[in-house]
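*Asks:* just the structure for this:
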Amino acid sequence: MRLLAVVVLSSGCSLIRDLDYLGSGAEEPLPDLCPEGGWCVLPDTKIRPECPDSNAEADYAATCWDVVRSHNGGVYDHVGHRLVIWGAGSGQTGHKGNEVYALSLTDGAMRRLTDPSSAPECVSVLPDGTPHPRSTRGSLAFTAGGMLAVGGEVICGGFDDTWFFDLTALSWTNRAPLGPDGCDPLVAGTCHPSGLGEMTHSDPVTGAVFVKDTYRFWRYDGGSNRYEQLRDYVPTSYAQTASIDPDRRLFVYIGCDIYDSMCVPSLGSISIDPDTLYANSDWTDEQTGCEPLMESYGPGFVYDARQKVFVGWPNKGDTVYVLDPATKQCTPRTFPGGPPPAQMESSTWGRFRYMPEFDAFIVVNDIDNDAYVLRL
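*Replies:* Sure, this is the predicted structure:
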């Protein structure tokens, strides 16, 4: 007998969960998320109930909203079917917890995967061997069954380190990668990415992770644990978001290029095909209709592998923008019932992700808002 659990969502959509038992040892079927299309809320998926309790060292409960609002991102684990969120505050009074959160799409539950560690200021590696809490922006990538974290912003500046969080063992490793042959580790930016606001994304074709820091373009190979510098001067901004088009072999970035504290709307690409010598291209004046994303600070921006287009969300509202890389044209798609306003609609980064096994998108925009699914 086929059993279905039907939940009617506040947006008017329904989420249907298949409860068939397929026999001993078989995986349970995935839920059919938002089958009617558009935006659908996932009830009871707020981060707030999972925040750690305050203690004598830190008022975690009061500062937990920084996990989202302080320019932090996430990755999508397509193996475990979960959105993983990591980040903290970078200011003196910001959140000092390095705990990791994950939203499971199989059972619709938000969980805190780890507890916060004691965090002396401005120490990259904490006494328990975990990374110092930091603002992560677009520096997180899913690779090799875990989350790669490159650099990050703290009150004393930033870290130029590389960490890996194993999503099975729920443990951190300081990768301390090698750099290009002959690089000088005493000179910033010669052996590994450096500066504020790295943009990091995995290439599903080669398994490599591409990293864009403020000026340079890098490739990280997890097997050899080594960075290779591909370009030495392609300026970008800490307020932009990037994603990879594996079909056209492009690393595409969009959002504010900060100049004199002002937002300069921008859109550009870097080839990840070595035959092109990693040529870059400014699409700002060639695009049409992409301004809402180009004018955003850290917008959500991902590649839809089925439609072979990029989809961006400008940090708020019911409308997403579909960018066709072939024409450089953005087409708005509006669906009622999108995420409610966040306390600070300042950035989204990797908390907006495409879920290929569901052919849908997931977003978390505030610790006091439920997560939302979007199906185009």
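*Asks:* since we're on residue 257, how many residues are nearby?
*Replies:* 21 (other CB atoms under 10 Å). Every C-beta, even on glycine, is put in place using the N, C-alpha and C of the backbone.
*Asks:* can you give me the buried ones in the helix or strand harbouring it?
*Replies:* When secondary structure is defined by DSSP states H and E, residue 257 falls within strand 250-259. Within strand 250-259, the residues that count as buried by 16 or more other CB atoms under 10 Å are 250-258.
*Asks:* what of stretch 79-95?
*Replies:* Buried, per 16+ other CB under 10 Å, within stretch 79-95: 81-90, 94-95.
*Asks:* and the residues you listed, which is the shakiest by pLDDT?
*Replies:* Least confident entry in the buried residues of stretch 79-95, by pLDDT: residue 90, with 76.
*Asks:* dihedrals phi and psi, the nearest residue to residue 184 once chain neighbours are set aside?
*Replies:* Nearest non-adjacent residue to residue 184, counting by CB to CB, 6 or more residues apart in numbering: residue 190, 5.2 Å away. Taking degrees, to the nearest 10, you get phi -100, psi -30 for the backbone angles of residue 190.
*Asks:* give me every residue that touches residue 190.
*Replies:* Residue 190 is in contact with 179-180, 183-184, 229, counting by CB atoms under 8 Å, 6 or more residues apart in numbering.
*Asks:* switch the cut-off to 7 Å
*Replies:* 179, 183-184 (CB atoms under 7 Å, 6 or more residues apart in numbering).
*Asks:* residue 144 and residue 274: what is the separation?
*Replies:* Separation of residue 144 from residue 274 (CB to CB, to the nearest Å) stands at 22 Å.
*Asks:* hey, where'd the strands end up in the stretch 1-150 of the chain?
*Replies:* 4-8, 14-18, 38-42, 73-77, 82-86, 100-104, 109-112, 140-143, 146-154 (DSSP state E, counting those that start in this stretch).
*Asks:* so what does the last one touch, helix or strand wise?
*Replies:* Judged by 3 or more CB pairs under 7 Å, 6 or more residues apart in numbering; DSSP states H and E, the packing partners of strand 146-154 are strand 82-86, strand 140-143, strand 157-166.
*Asks:* buried residues in the last one, which are they?
*Replies:* For strand 157-166, the neighbour count (16+ other CB under 10 Å) marks 158-165 as buried.
*Asks:* which residues touch that strand?
*Replies:* With CB under 7 Å, 6+ apart, strand 157-166 has contacts from 100, 124, 131-132, 134, 145-152, 172-175, 177, 188, 192-196.
*Asks:* let me see the contact set for the nearest residue in space to residue 278 that is not next to it in sequence.
*Replies:* Counting by CB to CB, 6+ apart, residue 278 lies nearest to residue 230, which is 4.5 Å off, once chain neighbours are set aside. Listed by CB under 7 Å, 6+ apart, the contact partners of residue 230 are 217-219, 278.
*Asks:* nearest to residue 337 among those?
*Replies:* residue 217 (39.1 Å; CB to CB).
*Asks:* run through the bridge partners of the closest one.
*Replies:* residue 212, residue 231 (DSSP bridges).
*Asks:* state the distance from it to residue 266.
*Replies:* From residue 217 across to residue 266, the span is 16 Å (CB to CB).
*Asks:* what does the model give the residue nearest to residue 37 when sequence neighbours are not counted for pLDDT?
*Replies:* Spatial nearest neighbour of residue 37, excluding adjacent residues (CB to CB, 6+ apart): residue 375 at 4.7 Å. Among the per-residue scores, residue 375 holds a pLDDT of 98.
*Asks:* got a list of what residue 375 touches?
*Replies:* 33-34, 37-38, 360.
*Asks:* show me where the stretch 201-350 of the chain has strands.
*Replies:* 209-212, 217-221, 226-231, 240-245, 250-259, 262-271, 280-282, 300-304, 309-313, 319-324, 329-334.
*Asks:* now those as TSV including mean pLDDT and distance to residue 108?
*Replies:* Formatted as TSV, the strands of the stretch 201-350 of the chain follow (pLDDT from 0 to 100; distance: least, CB to CB, whole Å):
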stretch	mean pLDDT	distance to residue 108
strand 209-212	98	30
strand 217-221	98	33
strand 226-231	97	38
strand 240-245	98	26
strand 250-259	96	30
strand 262-271	97	35
strand 280-282	98	41
strand 300-304	98	21
strand 309-313	98	21
strand 319-324	98	22
strand 329-334	98	25
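*Asks:* for these, which one sits closest to residue 65?
*Replies:* strand 300-304 (18.7 Å).
*Asks:* packing partners for that closest one?
*Replies:* Using 3+ CB pairs under 7 Å, 6+ apart, strand 300-304 is in contact with strand 240-245, strand 309-313, strand 352-355.
*Asks:* what angle separates the first one from strand 262-271?
*Replies:* Here strand 240-245 runs at 20 degrees with respect to strand 262-271, directions being taken by axes from the mean of the first three to the mean of the last three CA atoms, to 10 degrees.
*Asks:* got the contact list for strand 240-245?
*Replies:* By CB under 7 Å, 6+ apart, strand 240-245 touches 138, 199, 201, 203, 210, 212, 251-257, 266, 272, 298-299, 301-303, 310, 325, 349.
*Asks:* one more time with 6 Å
*Replies:* 138, 199, 201, 203, 251, 253, 255, 298-299, 301-303, 325 (CB atoms under 6 Å, 6 or more residues apart in numbering).
*Asks:* again, but for stretch 110-117
*Replies:* Contacts for stretch 110-117 (CB under 6 Å, 6+ apart): 45, 47, 50, 52, 97-103, 126, 128, 130, 170.
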